[in-house]
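K.L.:
with the sequence up front, the predicted model follows.
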Amino acid sequence: MDLNKELNTKDSMSGGQIVIRKKPNGSILVQRNHCVTRYKNKEILSRYQNWLVFKQLHLSTKPGEVFSNSLPLSKKLKSFLYHFAMSPAGALWVQKVVNLDLYLLQKNYYSVSVKKNQLVFTPTEDFLFELAYSKFYITETQSSTYASGSFIAIASDFLSKKEFSQSKQKIDHMAVLSHEFGHTKFGEPKTRANIYSEADTVLRYENPVRILNHFLPRKTYFDNKTGRVISIYTKTLKKAK
Ligand SMILES: [Zn+2]
């Protein structure tokens, strides 16, 4: 996936309203009712619907839930994630995660009920036995922000940092989170922890969001483990909606 393209070609970043039906034989049918872009409010509503599913399944709520010293997400970071989910690039990432949830629902790895007009997903025994280990989480950490295939750990002081330590360019936090999503199984699975794939991740997943949010694209990536710096040449400066 390349956000440079996705953000400019897709009409709906949310994928459309989630529709769940129980068929007469008891099986579950999950569909997406694609939004018509001229109804902006429908798009916003389905972003919100995705967020409600995402929030209940993927935000860490207990200490040590994701790795030994992981922390439950603070209110501040939760609210940041909400704004991310409602933004164009964030909506696209959240849609990808929720699409997998919907697929797993259809395969009976979740059961679903409706409480106060909200979909409530409950993992079935099959999920707990077969898939719990690979569940995707967003969690908080005392160390720095990083991601692996199945989680994103956001540093507790993430939002208080305003510029990159070496380049002094301003940080767009939404774009950094999009960068981290790029390292997960929902982004480029081949991402390796080297400076070249980091530059590629900035190019594909971070700079398109920066441009969208009226920040200048990042020009360098600094690897604080090795002290190396790599230049990033952003080719297309498209104006996205
Ligand atoms: Zn990275």
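P.N.:
Great, that's in hand.
K.L.:
care to break this protein down by domain?
P.N.:
Domain segmentation of the chain under automatic domain parsing yields 1-160, 165-241.
K.L.:
reformat these as CSV; add mean pLDDT and mean neighbour count.
P.N.:
C-beta here means a position set from N, CA and C on the backbone, and glycine is covered the same way. Rendered in CSV, the data for these read as follows (pLDDT from 0 to 100; neighbours: other Cβ atoms under 10 Å):
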stretch, mean pLDDT, mean neighbour count
domain 1-160, 92, 16
domain 165-241, 87, 17
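K.L.:
quick check: phi and psi on Thr122?
P.N.:
Listed backbone geometry of Thr122 is phi -120, psi 130, with angles given as degrees, to the nearest 10.
K.L.:
again but with Val209, I slipped
P.N.:
Per-residue torsions, Val209: phi -70, psi -40 (degrees, to the nearest 10).
K.L.:
so what's it closest to, chain neighbours aside?
P.N.:
Spatial nearest neighbour of Val209, excluding adjacent residues (Cβ to Cβ, 6 or more residues apart in numbering): Ala175 at 3.8 Å.
K.L.:
please look at the one you found and Arg210 and confirm they touch.
P.N.:
Yes: counting by Cβ atoms under 8 Å, Ala175 does reach Arg210; the two are 4.5 Å apart.
K.L.:
how about the strands in this protein?
P.N.:
Read by DSSP state E, the chain holds these strands, from start to end of the chain: 17-22, 28-33, 110-115, 118-123, 137-141, 146-148, 151-155, 220-223, 228-231.
K.L.:
the second one packs against which elements?
P.N.:
Right, the one you point to is strand 28-33. strand 17-22, helix 88-106 (3 or more Cβ pairs under 8 Å, 6 or more residues apart in numbering; DSSP states H and E).
K.L.:
got the angle for it vs strand 110-115?
P.N.:
Put simply, strand 28-33 runs at 70 degrees to strand 110-115, going by axes from the mean of the first three to the mean of the last three Cα atoms, to 10 degrees.
K.L.:
strand partners of strand 28-33, parallel vs antiparallel please.
P.N.:
Within its sheet, and counting by DSSP bridges, strand 28-33 is paired with strand 17-22 (antiparallel).
K.L.:
now do the shortest one
P.N.:
Applying DSSP bridges to the sheet, strand 146-148 is found paired with strand 151-155 (antiparallel).
K.L.:
chain center to the strand it pairs with: distance?
P.N.:
Relative to the centre of its chain, strand 151-155 is centred 11 Å away, using Cα atoms, centre = their mean, to the nearest Å.
K.L.:
can you give the contact residues for that strand?
P.N.:
Surrounding strand 151-155, the residues in contact under the criterion Cβ atoms under 8 Å, 6 or more residues apart in numbering are 66-67, 70, 73, 77, 136-147, 177, 180-181, 183-184.
K.L.:
ok, stretch 156-168 next?
P.N.:
Contact partners of stretch 156-168, identified using Cβ under 8 Å, 6+ apart, comprise 71, 74, 76-77, 80, 140-142, 145, 169-171, 173, 176, 218-220, 222, 224, 229.
K.L.:
which non-adjacent residue is nearest the residue nearest in space to the middle of the chain?
P.N.:
Centroid check for the chain by Cα atoms, centre = their mean gives Trp93 as the closest residue, at 4.1 Å. Spatial nearest neighbour of Trp93, excluding adjacent residues (Cβ to Cβ, 6+ apart): Phe181 at 4.5 Å.
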